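Q: fold the following, please.
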Amino acid sequence: MIISSAIPRRSDNAENLPHVWIIKAGEPLPIDASVRPLRGAAVAKTLAARGADVTLWASTFSHQTKHHVFSEQTEMKLGPGLTLIALHGPAYSANVSAARFRNHRAEAKAFLREAARRPRPDIIVAAMPTLDLAEAAVAFGKANDVPVIIDIRDLWPDALLFRLPRLLRGPARLALVPFYRQLRRTMRGASALFAISDGMLEWGLGFAARPRADADHVFRSAYRPAEIDAEAERRALDFWRENNILVDPRPHIAVYAGTLTHRAGHRLLDVIKRFRSNGSDLVNWRLVICGAGPLLADLQSASAGDDRIVFPGWLNSPELSVILQHGDVGLLPYPNEPDLLQACPNKFAEYLCHSLPVASLLDGEVGRMIRETGCGWVCNDAEAIIEVFRHQVPQQDRLREMRCAARTLFSQSFGGDQVFDAYADCVETIAATPTSARRSHIHNILM
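A: From the prediction side, this is the model:
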């Protein structure tokens, strides 16, 4: 990988406010009010609101909808102190594919080309995945004496192995040796590691071959709800009435909101089949499956002819917020695989924010919090979820207690304002730490 030195740092920052680059491909671009900023964009907006000069590096390609938002590299101003650069790479249709790897490499190369032409920042925060962009950020940081924080969101490339049958994981790991070398270079070259859970941070530190340092932190997948005005809420309510959901008499509502990938989709298929086979018991229920993805057609086929199952597609923020507020159960249909057991999916915090009790097939970190707080149910299989529908949700007093527990857990651990402010505090602290002090600290913890 060839790294060019960037233009020297800006000298016009009289108040010593940091010049920050945030790098995250794969999140929806926060280019209009209907898109709720996820972690990368939310941190970028938080830092910009404090007066920092922030560049958000993202992708022209939507990982969620599998199409290009822009046909070429695009730069635009998102607000005071905040600029978006969307890097261009080729399209891909499958999450695990050679085309996706080509996309990652192309965007990393585009980042290095563009970064070399710009004033170098005071600090870089690069999300992982993508591994290619994270590695490029570390390489650029080393060449230009810029500290780099790697924010671990997924156990990549371990996550690729977990999608395979167990018998194939050994040979596949050998094929992924170049990715693991890339991962070690990235983790060892980072100035600090952030992660969405303690388990993921320890995983990253293992590849960094060092113990935890003061600059390493866990910040959960926080959620900051979108601001919705009265007119937008009215239109969203009309949308759900037209879809025969928010009508009188009000049915019970179970919601899944997210990309319909094979990991979530196969278990949603099981839920749909069980739901349909219990038609007489669940006549007053609606199963609302929001989003799109490679398994959408299979899910729709399995639901054909059952008007209790609704596929509204991708929703804007008001539409999603309204259905979550009025729902009875939020579904987390994820498998108990090692990377997911250590994580808290974004939609877990999203459900909690709207006081929505959670029925989860995923145990691990999510299961622990559900059991400790009483904000939902940990289910062994799809039949257990149907039992929740049939027997647990109708107990309104218990459901109210769960709603209260969900909101309390959100406030304590997932509230966007507190998490993103703490995240921004740490970014600013590392940016202000002299290079000699950072190097001395890393040297000491490795000794």
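Q: can you give me the domain boundaries for this protein?
A: What automatic domain parsing lists as the domains of the chain is 19-224+416-446, 230-414.
Q: all strands for the stretch 301-447 of the chain, in order.
A: With DSSP state E, counting those that start in this stretch as the criterion, the stretch 301-447 of the chain has strands at 309-313, 329-332, 358-360, 376-378.
Q: redo these as JSON lines? Include distance to Ser221.
A: In this view, the C-beta of every residue, glycine as well, is placed from N, C-alpha and C. Listed next are the strands of the stretch 301-447 of the chain as JSON lines, based on distance: least, C-beta to C-beta, whole Å:
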{"stretch": "strand 309-313", "distance to Ser221": "24"}
{"stretch": "strand 329-332", "distance to Ser221": "13"}
{"stretch": "strand 358-360", "distance to Ser221": "14"}
{"stretch": "strand 376-378", "distance to Ser221": "17"}
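Q: need the domains of the chain in CSV (columns: mean pLDDT, distance to Ile7 and mean neighbour count).
A: Listed next are those as CSV, based on pLDDT from 0 to 100; distance: least, C-beta to C-beta, whole Å; neighbours: other C-beta atoms under 10 Å:
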stretch, mean pLDDT, distance to Ile7, mean neighbour count
domain 19-224+416-446, 91, 5, 19
domain 230-414, 92, 36, 18
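Q: returning to that earlier point: with respect to Arg39, which of the strands of the stretch 301-447 of the chain lies nearest?
A: strand 329-332 (18.3 Å; C-beta to C-beta).
Q: and the closest one, what does it pack onto?
A: strand 252-257, helix 346-353, strand 358-360 (3 or more C-beta pairs under 8 Å, 6 or more residues apart in numbering; DSSP states H and E).
Q: what's that strand in contact with?
A: Identification of contacts with strand 329-332 by C-beta atoms under 8 Å, 6 or more residues apart in numbering yields 252-257, 268, 271, 324, 345, 347-348, 350-351, 354, 356-362, 366, 376, 385, 388-389, 393.
Q: direction included, what does that strand pair up with?
A: Applying DSSP bridges, strand 329-332 is found paired with strand 252-257 (parallel), strand 358-360 (parallel).
Q: from the chain's centroid, how far away is that strand?
A: Mean-position distance between strand 329-332 and its chain equals 17 Å (C-alpha atoms, centre = their mean, to the nearest Å).
Q: identify the residues contacting Ala431.
A: Applying C-beta under 8 Å, 6+ apart, we find Ala431 in contact with 18, 20, 122-123, 147.
Q: secondary structure and distance to Ser97 for those residues - can I get that in a markdown table?
A: Conversion of the contacts of Ala431 to a markdown table gives the following (DSSP: H, G, I helix; E, B strand; the rest coil; distance: C-beta to C-beta, whole Å):
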| residue | secondary structure | distance to Ser97 |
| --- | --- | --- |
| Pro18 | coil | 37 |
| Val20 | strand | 32 |
| Asp122 | coil | 37 |
| Ile123 | strand | 33 |
| Pro147 | coil | 34 |
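Q: redo the residues you listed as CSV? Include distance to Tyr92.
A: Conversion of the contacts of Ala431 to CSV gives the following (distance: C-beta to C-beta, whole Å):
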residue, distance to Tyr92
Pro18, 34
Val20, 29
Asp122, 34
Ile123, 30
Pro147, 32
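Q: tell me the one of these nearest Ser221?
A: Nearest to Ser221 among the contacts of Ala431 is Val20, at 20.4 Å by C-beta to C-beta.
Q: so what's the nearest residue to that closest one once chain neighbours are set aside bridging to?
A: Spatial nearest neighbour of Val20, excluding adjacent residues (C-beta to C-beta, 6 or more residues apart in numbering): Val54 at 4.9 Å. Each beta-bridge partner of Val54 is listed here, defined by DSSP bridges: Val20, Leu82.
Q: show me what contacts Val54?
A: 19-22, 44-45, 47-48, 81-83.
Q: state the phi and psi torsions of Ile124.
A: Main-chain dihedrals, Ile124, degrees, to the nearest 10: phi -120, psi 130.
Q: beta partners for it?
A: Here Ile124, judged by DSSP bridges, has bridge partners Trp21, Val148.
Q: can you show me the strands along the stretch 1-150 of the chain?
A: 19-23, 53-59, 61-62, 67-68, 74-79, 82-87, 123-128, 148-152.
Q: just send those back as a markdown table, with distance to Asn243 too.
A: Shown next, in a markdown table, are those (distance: least, C-beta to C-beta, whole Å):
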| stretch | distance to Asn243 |
| --- | --- |
| strand 19-23 | 36 |
| strand 53-59 | 31 |
| strand 61-62 | 24 |
| strand 67-68 | 24 |
| strand 74-79 | 32 |
| strand 82-87 | 32 |
| strand 123-128 | 34 |
| strand 148-152 | 37 |
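Q: quick check: which of the ones you listed is nearest to Asn278?
A: Closest approach to Asn278 among the strands of the stretch 1-150 of the chain (C-beta to C-beta): strand 61-62, 36.1 Å.
Q: and the residue located most distally from the centre of the chain, backbone torsions?
A: Residue farthest from the centre of the chain, counting by C-alpha atoms, centre = their mean, is Ser280 at 37.3 Å. When read as degrees, to the nearest 10, the backbone of Ser280 gives phi -70, psi -30.
Q: before we move on, back to that, out of the strands paired with strand 329-332, which gets nearest to Leu167?
A: For Leu167, the closest of the strands paired with strand 329-332 is strand 358-360, at 27.9 Å, according to C-beta to C-beta.
Q: these two touch, right, Ile253 and Gly327?
A: Yes - using C-beta atoms under 8 Å, Ile253 makes contact with Gly327 at a distance of 4.5 Å.
Q: now do the shared contacts for these two.
A: Common contacts of Ile253 and Gly327, defined by C-beta under 8 Å, 6+ apart, comprise Val288.
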